[in-house]
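J.: fold the following, please.
(chains A and B)
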Amino acid sequence: MSGFVHILGFIVFPYIALTIFVLGHAWRYVTDWKRWNAASSQFLHKDSLKGGITIFHWGSLLTLVGHAGGMLIPQRIYDLFGISEAAHNFMAHWVGLVAGLLMIAGGGWLLVRRIGQDRIAANTSVHDYVLLALLLVVSGLGLYNVVFTHYDVLYSVAPWIRSIVVLAPNPALMAPVPVSYKLHILSAFVLLAYSPFTRLVHIWSAPVTYLYRSYVIFRKLPGTKGA
Amino acid sequence: MKIKAQMTMVLNLDKCLGCHTCSIPCKNVWTSRQGAEYMWFNNVESKPGIGYPKNWEDQGIYRGGWTAKNNRLFLAAGGRVTKLSRIFNNPDLPQIDAYYEPWDYDYGGLVTSPVKKHQPAIRPRSQITGQSMEIQWGPNWEDDLAGVCETGTADTNFAGLDAQKYLEFEQAFMMYLPRLCEHCLSPACAASCPSGALYKRDEDGIVLVDQARCRGWRYCVSGCPYKKVYFNWKTGTSEKCIFCYPRTESGMTTMCSASCVGRIRYVGVILYDAERISQAASAADPKDIYPALVDIMLDPHDPDVLKQAEKQGISEAFLKAAQNSPTDKLMRKWPLALPLHPEYRTLPMVWYVPPLSPLQTGTENKKADETLSDMRIPVKYLANLLAAGDEAPVRRSLKYLMALRAYMRSLRLEKTPDKSILGQAGLDEKLDEPAVLEIYDLLAIAKHKDRFVIPTAPNPDQADMRAAQGEKGFE
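T.: Here you go, the predicted model:
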């Protein structure tokens, strides 16, 4: 990859994607709050959903936690806790394998259901298809990397991601990385940029407050006072 | 004592003629949109029957409402952690077919059809897929017992009765049950909502879904034991009966009650002690929930209650409405109305006066209790519906109604009021004549101003409401 394309891909594009990601969510939350939900299709066809949706979501959660833990936290912190690079890679390999398989299997299940069930197909937008396809591409590339290329990302991709996050991009770190990893990363940034315009927004409304809020909520009419 | 006001409704089933007039304006005003076609905030069911959605009363299927253990309430479908761990796939959610797949007809086909030997026919067409479909269920599928010979055995109100016997033609009985959201004191739908989108209005207790906070997790749908929260399959959020709050706020009654041609509906305010809600809802024996619920209602004429309520900020309009409330009278003062399925422990606030029914043999020289056992609708069935299986409150209500009829007959037709009827009504307490006349006025004459006593909502900023016209609305 020539220097210019490399800079385009690993400095310019990630920041454009992240900008769309942030502004897109804000724009969507303000202008389209009515559709800020999970857009569940369980109500239209229940039995066909259960297996696929469950493994897909647990796979996604595992993927998110795995990437956050492996990429954003530097290896030197793991070293402090006695987790060596080899142990970290071993763990990442197997967790990644499980998460990837769950996501591919679940996502495939959901795509087949979405196309095959008349009611679901009739209630599916282009966004839904593109999103599912994109999720399958990103997770497919990720799974390919886990299974077929054993490249050590801890001192290449991981520090590059952190350099993006802290606004001091260092594209040189990405230079020796295999193409399949680059494609995985670029497609993941496409997914990030696209997510505000899809049902993925429901991730940000994960109802953690349910764990501690009171069961029944009382609300007063706005502007009134009283007991 | 924490006093709160609650908007309530009482339906006098003795006068319901099953005309569905209540459902129609409600449907036209609130749910005539895509995604909401199948929703009926108000529907009228024929009982016996499994209703709409199918088997809604069978909590073995949908696990709605609360259970109680050691005087503590637990959501029947599992608590917070259980719910969040299954949030991707709610195992208790009914599928749309339990209500019905919404349909339309290809009316254009009638107009555009070429000249043929036979008249063109129109077939039902799914409003979800647009394809032609077979209609298999609906909001009043079992209207006037249609098909109940087959579905009726699954009616849970036959508990303790031989259902098969009552589904034979000679023994058949029926009644109507108009249903809407119960606006419960302990709403299981609100407690089930992971996002906290469902809330109870502090001023009047109306339970609403905040459309801006609903994320479509669907637990309210299964959590409501009355299946009165509906999932909009198009927008992905839940919707429910709003007790026509834009009308009640300005002192008008709800669409369903305003349109009721049988004049069976009463709308008013009650006062209750919010501190004792969980105590009442968690009574060990489900039969104790109804008396406990009556017990937490407060007498709006009690000076002590009034003083406290005023101190706690309940508006004068609400206190005055509570004092004249027809529902307070029917629910608390004269124990005629009963809650629908109190055993779900949500403390429902839409109550029903049980219906009298034709007698199977002559009533001469029979005691009230024997007459009741002779009625076409088994008392046990009504008890399962309205009193967690306890016959005593149902018998008391029906005896009241019978004594009322007998006394008014003696007064109006025979022109010689027979006061002995009031003493021999078979009730523990003695009926007094002024009360009987008042009940007669409320139940039989049922004037509009007596049926609906609705306070206007507190005016937020005392601004000129007329000047603000057109400034607020949906979106």
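J.: what is the least confident helix or strand in chain A?
T.: Ranked by mean pLDDT, DSSP states H and E, the helix or strand of chain A with the weakest confidence is helix A:3-7, at a mean of 91.
J.: could you point out the longest helix in chain A?
T.: Using DSSP state H, we find that the single longest helix of chain A is helix A:85-116.
J.: what sits up against the least confident helix or strand of chain A?
T.: Counting by CB atoms under 8 Å, 6 or more residues apart in numbering or on different chains, helix A:3-7 makes contact with A:171, A:174, A:175, all of which sit outside it. C-beta: built from backbone N, CA, C; applies to glycine.
J.: tell me how far it lies from the chain's centre.
T.: Between the mean C-alpha point of helix A:3-7 and the mean C-alpha point of its chain there is a distance of 25 Å (CA atoms, centre = their mean, to the nearest Å).
J.: circling back: is the longest helix of chain A anywhere near chain B?
T.: No. Among the residues of helix A:85-116, none lie within reach of chain B under CB under 8 Å from any CB of the partner chain; the closest is 9.7 Å away.
J.: next, the buried residues of that helix.
T.: With burial defined by 16 or more other CB atoms under 10 Å in any protein chain shown, the residues of helix A:85-116 counted as buried are A:88-89, A:92, A:95-96, A:98-104, A:106-107, A:109-111, A:113-114.
J.: and the nearest residue to residue B:130 once chain neighbours are set aside, what is it in contact with?
T.: If the residues on either side of it in the chain are set aside, residue B:130 comes closest to residue A:122, at 6.7 Å by CB to CB, 6 or more residues apart in numbering or on different chains. For residue A:122, the contacting residues are B:128, B:129, B:130, by CB under 8 Å, 6+ apart.
J.: closest one to residue B:48 out of these, please.
T.: Among those, residue B:128 lies closest to residue B:48 (CB to CB), at 30.4 Å.
J.: restricted to buried residues, select the contacts of helix A:3-7 in ChimeraX.
T.: Typed into ChimeraX, the line below selects the buried ones among those, using 16+ other CB under 10 Å:
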select /A:171,174
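J.: picking up where we left off before, which of the contacts of residue A:122 are buried?
T.: Listed as buried from the contacts of residue A:122 are B:128, B:129; burial here means 16+ other CB under 10 Å.
J.: of the contacts of residue A:122, closest to residue B:423?
T.: Nearest to residue B:423 out of the contacts of residue A:122 is residue B:128 (CB to CB; 61.3 Å).
J.: my read is that the closest one contacts residue B:103, right?
T.: No. Under the criterion of CB atoms under 8 Å, residue B:128 lies out of contact with residue B:103, with a separation of 9.1 Å.
J.: quick one on the thing from earlier: which neighbouring elements make contact with the longest helix of chain A?
T.: helix A:50-67, helix A:75-80, helix A:118-122, helix A:126-148 (3 or more CB pairs under 8 Å, 6 or more residues apart in numbering or on different chains; DSSP states H and E).
J.: okay, the angle between that helix and helix A:50-67?
T.: Interaxial angle of helix A:85-116 relative to helix A:50-67 (axes from the mean of the first three to the mean of the last three CA atoms, to 10 degrees): 150 degrees.
J.: distance from the chain centre to helix A:85-116, please.
T.: Averaging C-alpha coordinates over helix A:85-116 and over its chain gives two centres that are 12 Å apart (CA atoms, centre = their mean).
J.: tell me, what residue is most central in chain A?
T.: The C-alpha lying nearest the average C-alpha coordinate of chain A belongs to residue A:64 (CA atoms, centre = their mean; 6.1 Å).
J.: could you find the closest non-adjacent residue to residue B:30?
T.: In space, not counting the residues next to it along the chain, residue B:30 is nearest to residue B:41; the distance is 5.7 Å by CB to CB, 6+ apart.
J.: in contact with that neighbour, which residues?
T.: Contacts for residue B:41 (CB under 8 Å, 6+ apart) come out as B:26, B:27, B:30, B:31, B:180, B:181, B:228, B:230, B:240, B:241, B:242.
J.: pretty sure the third one contacts residue B:242?
T.: Spelled out, it's residue B:30. Yes. In terms of CB under 8 Å, residue B:30 counts as a neighbour of residue B:242; the distance is 7.2 Å.
J.: what about the residue of the stretch 251-400 of chain B found nearest chain A, neighbour count?
T.: For the stretch 251-400 of chain B and chain A, the shortest gap (CB to the nearest CB) falls at residue B:313, measuring 2.9 Å. Taking other CB atoms under 10 Å in any protein chain shown as the criterion, the count of residues near residue B:313 is 15.
J.: now it, what are its backbone angles?
T.: Dihedral angles phi and psi of residue B:313 (degrees, to the nearest 10) take the values phi 90, psi 10.
J.: again with residue B:277
T.: Torsion angles at residue B:277 (phi, psi; degrees, to the nearest 10) stand at phi -60, psi -50.
J.: what distance do you get for it to residue B:4?
T.: Relative to residue B:4, residue B:277 is positioned 9 Å away (criterion: CB to CB, to the nearest Å).
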